[in-house]
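Visitor: return atomic coordinates for the entry below.
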Amino acid sequence: MNSALKFNAVSEWWEEYIDYDYLKKYIYQLEKQQQSLTSSYRDLESNERTSLVGRPSDAATDSIFIPLLDKELKKVALFYEHQEKELFDELAELEALVQNQEELGLDGDHYADDDEYDEEDEESLSRSPERHRRRRLSSSANVNRNTSGPGESSYVRQSPVRQRHSISSSEGEMEDSLASLRRSISPNRTMQKLANTFSLMKDSVTSSGLSETIWTARTNYAYDTRLLFKRRITNLYVSFSSLRSYVEVNYSGFRKVLKKYDKVTYSELKDHYLHDVVEQTVPFLPDSKDRLNGAIDRLIHLYTKCVARGNRNLAKQQLKLFQRENIAWERDTVWRQMIGRERRGEGAASNLLGATLVKEPQPGLFAIPTPFGRLSITRRFLYLVIALVVFAVLLNVEVVQGHEANRCFAVLVFCTVLWATEAIPLFVTSILVPLLLVCFQVVRGPKPDYEHLSAPDATKFIFSAMFSPTIMLLIGGFTISSALSKTSIDRILITRVLSLAGTRPSVVLLAFMCVSCFASMWISNVAAPTLCFTLIKASLAHNPIDQPILRTLPPKTSFAPALILGIALAANIGGQSSPISSPQNLIALQNMDEPLDWGSWFAVALPVSAISILLIWGLLLASYRPARSPDGESEIEIRPIRATKEPFTRQQYRVSFVCLATIFLWCIAHSIEDYVGDMGVIAIIPIIAFFSTGILKKDDFEQFTWTIVFLAMGGIALGKGVTSSGLLDIMGELVRDLVDGFSLYNVVLILSPIVLVISTFISHTIASVLLVPIAKEVAASLGGDHQNLLIFVTALICSAGMGMPVSGFPNQTAATQEDDLGELYLSNIDFLKNGIPASIFATLVVATVGYLLMIAIG
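Guide: Next up is the predicted model:
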């Protein structure tokens, strides 16, 4: 079964449910057979397209799949009939026992030393458990929670006293639970009065002794009898409820697997098989459902009479509570572990569209014996030691002039080494930045005095700078991305676009690259490649748009690596396209004295991205020749992607309207600056619109990639430290001497390869943190209003660094993609042969076309 079915299944019956996983795998086998029969090839010599075998009819696959369904249906039906017979026999036996006990009444009391159960006895019941146990017979330990066997029935009939449970205060608990349930079901004064009236009537009748029965008497014998029947009824109620759930889960399993079969094989079997076969089988007949519901009603009636003293609402609530407790606590160990893993996000469902790349733990380089055992030395540990040594040396050696500037330089180098080597997680280094700036007294006051700030003042300065409008813009982008994904707008739009791509490999490749780039603009270049890889691999069992392109390709075809690499490279390019598509863009906006509005950004970034995509597409076509079949004698044909037929819902229209309205306001932010102040304020609109209306929940907010937020905040804090300490002024003087005499365009040509090389080997975000302030100072040294231009160029080229598998998250994700046999689609050679030229092409486009557009828009 898949996870969704397992969560609703009875763990002890797992083997008796529909084998969903087996049927799903067989569906994919049928799909491959069908694809092999329908594949057409182009003869390159005669320029003709032929099809070896015509498209098989639906009956061809149906005749294979229906017997498998029949086998599973028969298994389910046999198990249900067996369980139903056993449970109804037990119910009839239980009803007979209740009837016999009523006829026996209180005459079966064999407690020779028991007095009437009065109020004092009830109090002493909980105070003196030892005394109470001595008044019971010693055979009470023979009873366990499974008291529903036939053997127990004979014992109950012969002598209920023999199966008493040693629970000293259960009678008091029953009274307490009755009182608490009265309070819980009496939310107003009227219901409370009714409960009190009922209690007074019951007490008066009991005290008069006119209608005392085995179910209402307060003797120890009556109490033990009620407790025994309570357990028997409860266990049987849980069993019937589980059988009813068994039927519902299996019906859902048949419906899901038939839906997947129809989608994958283009068949129309679902409605026919469900209505004409499944629903005509015994477990799924309306009469069977009525019988189960009737049996549950009979158990509620028995519980009402034997335990709840005539209160049917109390009986229902207690039985449902026992059922929930059974599900939560009485499942086997494996079941509880699986639930725990899913709740902690460690199950299969947790890796759907997340932004975390799972890596194998690094093996130790060597081990050092210590008194506490052998200490394994990893590569990361060595990097951390090197960073600490360099930091300690720089703190004690004057490299730059000025106490604060020198300490800031040490902090800058220390953080750069940690970011470059990832000795500790990137966001942890970012969180470390404000601690280092404050503790090492890096921050100075404003001009002209440049007085050293105290620790409290420095703390306020750093933290006030960290949460800037740029961070709010980033969170607003996360909100839009989450809303588009949760309402499936992104998948609907993407598949509708891809459905127009046809079957030619070159066109399909370009379509996926454009979709990946466009998705990166709005749902970030972290989530976009994962979404696209999901669409081409169909690795998610619950994926509503199951279009398995890679699974239907011939083995060893060159189209698969070309497609995966194309998606990754396009996602990197998409990181240039909008201000919220990647953190480096937001860091660039943060460093601009007058941030660009979205309209100006689009005017430059969209043409640059479009040209880069086309050049990379041509590079991949020349490198892989993806249309060729593995034997080199024909051309492959890609299975077309079908767009979803589901229409837009009202909620999807509302989400689309809010997103478009927010983007429009961002585009005209400069025009309405007097009213909204900054784009960060506009970013609050989607947050309020989606979270206040319930479109997004608290869990969605918690799933934002907060590591990126803290990474950006750390970069902003470090930038403020570099500026405040005076280190930026010193660096500016050095840069001014280096670029003295160079024109603006020559500086762009010098700066571009430097940015490209650095962003290729370290995180794009970290590269922007380090290089954007330098670009800002270079612009200041040139004179004129060129600051935004150089910062813009630096940010765009940071996204163009994609020559290595570690160059950005899209490349890291692509490098881990495997085929059905566990073999990687891409090797390091693929990245070197295609990623490096692609990076150079994208950088040249930014330095030429991008530069001209920046000059044109001023």
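Visitor: for the strand or helix carrying Val393, which helices and strands make contact with it?
Guide: According to DSSP states H and E, Val393 maps onto helix 379-396. With contacts taken as 3 or more CB pairs under 8 Å, 6 or more residues apart in numbering; DSSP states H and E, helix 379-396 sits against helix 403-421. Just so you know, the C-beta spots here come from the backbone N, C-alpha and C atoms, and that holds for glycine as well.
Visitor: only the buried residues of the helix it packs on, if you could.
Guide: Neighbour counts over helix 403-421 (16 or more other CB atoms under 10 Å) mark 404-421 as buried.
Visitor: now for the helix or strand that that helix is followed by, which elements pack on it?
Guide: Per DSSP H and E, the first helix or strand lying C-terminal to helix 403-421 is helix 426-439. Here helix 426-439 touches helix 403-421, helix 455-466, helix 706-725, going by 3+ CB pairs under 8 Å, 6+ apart.
Visitor: which helices and strands sit right next to the longest one?
Guide: In this case it means helix 706-725. helix 403-421, helix 426-439, helix 455-466, helix 469-486, helix 583-591, helix 727-739, helix 764-782.
Visitor: same thing but 6 Å
Guide: Packing contacts for helix 706-725, counted by 3 or more CB pairs under 6 Å, 6 or more residues apart in numbering; DSSP states H and E, involve helix 403-421, helix 426-439, helix 455-466, helix 583-591, helix 764-782.
Visitor: kindly export that helix (C-alpha atoms) in PDB.
Guide: Coordinates of each C-alpha in helix 706-725 appear next as PDB, following Å, rounded to 0.1, in the frame of the first residue of the first chain:
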ATOM      1  CA  TRP A 706      14.200  29.900   6.400                       C
ATOM      2  CA  THR A 707      17.800  28.800   5.900                       C
ATOM      3  CA  ILE A 708      17.800  31.100   2.900                       C
ATOM      4  CA  VAL A 709      16.300  33.900   4.900                       C
ATOM      5  CA  PHE A 710      19.000  33.700   7.600                       C
ATOM      6  CA  LEU A 711      21.600  33.300   4.900                       C
ATOM      7  CA  ALA A 712      20.500  36.700   3.400                       C
ATOM      8  CA  MET A 713      20.300  38.300   6.800                       C
ATOM      9  CA  GLY A 714      23.800  37.200   7.600                       C
ATOM     10  CA  GLY A 715      25.000  38.700   4.400                       C
ATOM     11  CA  ILE A 716      23.300  42.000   5.100                       C
ATOM     12  CA  ALA A 717      24.800  42.000   8.600                       C
ATOM     13  CA  LEU A 718      28.300  41.400   7.200                       C
ATOM     14  CA  GLY A 719      27.800  44.100   4.700                       C
ATOM     15  CA  LYS A 720      26.900  46.600   7.400                       C
ATOM     16  CA  GLY A 721      29.900  45.500   9.400                       C
ATOM     17  CA  VAL A 722      32.300  46.000   6.500                       C
ATOM     18  CA  THR A 723      30.800  49.500   5.900                       C
ATOM     19  CA  SER A 724      30.700  50.600   9.500                       C
ATOM     20  CA  SER A 725      34.200  49.400  10.400                       C
END
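Visitor: how far is stretch 17-31 from where the chain is centred?
Guide: 25 Å (CA atoms, centre = their mean, to the nearest Å).
Visitor: please apply the same query to stretch 267-274.
Guide: Using CA atoms, centre = their mean, the offset of stretch 267-274 from its chain centre is 32 Å.
Visitor: pick the most buried one from the helices and strands packed on helix 706-725.
Guide: helix 583-591 (a mean of 27; mean count of other CB atoms under 10 Å).
Visitor: coming back round to it: adding distance to Gln318 and mean pLDDT, write the helices and strands packed on helix 426-439 out as TSV.
Guide: Output for the helices and strands packed on helix 426-439, formatted as TSV (distance: least, CB to CB, whole Å; pLDDT from 0 to 100):
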stretch	distance to Gln318	mean pLDDT
helix 403-421	58	86
helix 455-466	53	88
helix 706-725	43	82
